[in-house]
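S.K.: Let's see this in three dimensions:
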Amino acid sequence: MRLSRIYTESELEIGKSIDLPVATSHYISHVLRLKNSQEIILFNGRLSFDYCSTIQISKKKVSATPTSRKPNNVESPIQTALFQALGKQEHIDFIIQKATELGINEIHLFNSQRTQTHLKGNRLEKKLTHWQGIIISACEQCGRSSLPTLHFQPSLQHCLSLSAKSNKLILDFNGESISELSTRLKPDLTFSMLIGPEGGFSEAEIELAGKAEFLPCILGPRTLRMETAVISIIAVVQHYFGDMQ
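M.R.: Numbers count the residues shown, from 1 in each chain. Take a look at the predicted model:
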């Protein structure tokens, strides 16, 4: 039977018991309905190991004791970064989940000119916490031990500056396919993928990305929704240069 994988921020050491957070304890006891002395897999996002651990359940908490560990390196051989303009919140949730499953290493979110609802202040902080939870859940499910980093950038210009030394791709119907661009892309550099919101980037934003040497690429003749486009471009890049064969 497949053991449940649980993320923890704690340091993990064989034979050293740790107390799990209240929310995690509730999930183990009342959602998974595990019993005392059953096993789970723990990982902490910093080491490429899965720790087989035995749980101890009391009325108020669940603790876990790692008993063994094994290497777990399912990370892609390429580095990928998603620069995603904010769109509808349910679509961003979906994008973060699926990008994590597909092996993305960095997620950079930002408000673009056509973002309908700009995030800032306390609302932004709450959303970042929410999105971090989605990343953790996706890693628990897909088997990754390393969590993608999540950032909110102040502007498109800042995103462009961060992608300076990388393979730069922006979706555009006037672009070329990844196969046609493949000879101009270098697998040893990060793949920076720039995706607009619903409605796409403005002409000014596309021009700005062009000046930053982003290569326009196309994913076929059909018009894709924002969330479909993100999944597609990551999968195509992973197919040509990563580990999705």
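S.K.: For the nearest residue to Ser163 once chain neighbours are set aside, grab the count of nearby residues.
M.R.: Across the structure, with Cβ to Cβ, 6 or more residues apart in numbering as the measure, the residue nearest Ser163 apart from its sequence neighbours is Ser192 (3.8 Å). Where C-beta positions appear, they are placed from N, C-alpha and C, glycine not excepted. Here the neighbour count serves as a burial measure; for Ser192 (other Cβ atoms under 10 Å) it reads 25.
S.K.: Adjacent strands (with direction) for the helix or strand containing His108?
M.R.: Under the criterion DSSP states H and E, the helix or strand holding His108 is strand 106-110. Within its sheet, strand 106-110 is paired with strand 80-85 (parallel), strand 149-152 (parallel), according to DSSP bridges.
S.K.: now stretch 10-28, how far from the centre of its chain.
M.R.: Using Cα atoms, centre = their mean, to the nearest Å, we find the averaged C-alpha position of stretch 10-28 to lie 23 Å away from the chain's own average C-alpha position.
S.K.: what's next to it, contact-wise?
M.R.: For stretch 10-28, contacts defined as Cβ atoms under 8 Å, 6 or more residues apart in numbering pick out 4, 6, 8, 34, 40, 42-44, 47, 49, 51, 55-57, 61-69.
S.K.: Buried only: go through those residues for me.
M.R.: For the contacts of stretch 10-28, a burial check counting by 16 or more other Cβ atoms under 10 Å picks out 4, 6, 8, 34, 40, 42-44, 49, 51, 55, 57, 62, 64-66, 69.
S.K.: which ones are touching the residue of the chain most remote from its centre?
M.R.: Among the C-alpha atoms of the chain, the one farthest from their average position, using Cα atoms, centre = their mean, is that of Lys59, at 34.6 Å. When contacts are counted by Cβ under 8 Å, 6+ apart, Lys59 touches no other residue.
S.K.: Pretty sure Ser63 sits against Ile55.
M.R.: Yes: using Cβ atoms under 8 Å as the test, Ser63 is close enough to Ile55 to be in contact (7.1 Å).
S.K.: and the end-to-end length of stretch 106-125?
M.R.: Stretch 106-125 stretches 18 Å from its first residue to its last (Cα to Cα, to the nearest Å).
S.K.: just how off-centre is that stretch within its chain?
M.R.: Put simply, stretch 106-125 sits 16 Å off its chain's centre (Cα atoms, centre = their mean).
S.K.: any idea of the mean pLDDT in that stretch?
M.R.: Averaged across stretch 106-125, the pLDDT comes to 87.
S.K.: Check which residues of that stretch are buried.
M.R.: For stretch 106-125, the neighbour count (16+ other Cβ under 10 Å) marks Glu106, Ile107, His108, Leu109, Phe110, Asn111, Ser112, Arg114, Thr115, Leu119 as buried.
S.K.: How about residues contacting it?
M.R.: So stretch 106-125 is contacted by 80-89, 92, 96, 99-100, 127, 131, 135, 148-156, 158-159, 162, 190, 196-202, 204-205 (Cβ under 8 Å, 6+ apart).
S.K.: please redo it, this time with the cut-off set to 6 Å
M.R.: 81-86, 127, 148-153, 159, 197, 199, 202 (Cβ atoms under 6 Å, 6 or more residues apart in numbering).
S.K.: top helix in this structure by residue count?
M.R.: helix 121-142 (DSSP state H).
S.K.: Quick check: buried residues in that one?
M.R.: Lys127, Trp131, Ile134, Ile135, Ile136, Ala138, Cys139.
S.K.: picking that back up, would you list the phi and psi of the residue farthest from the centre of the chain?
M.R.: phi -70, psi -30 (degrees, to the nearest 10).
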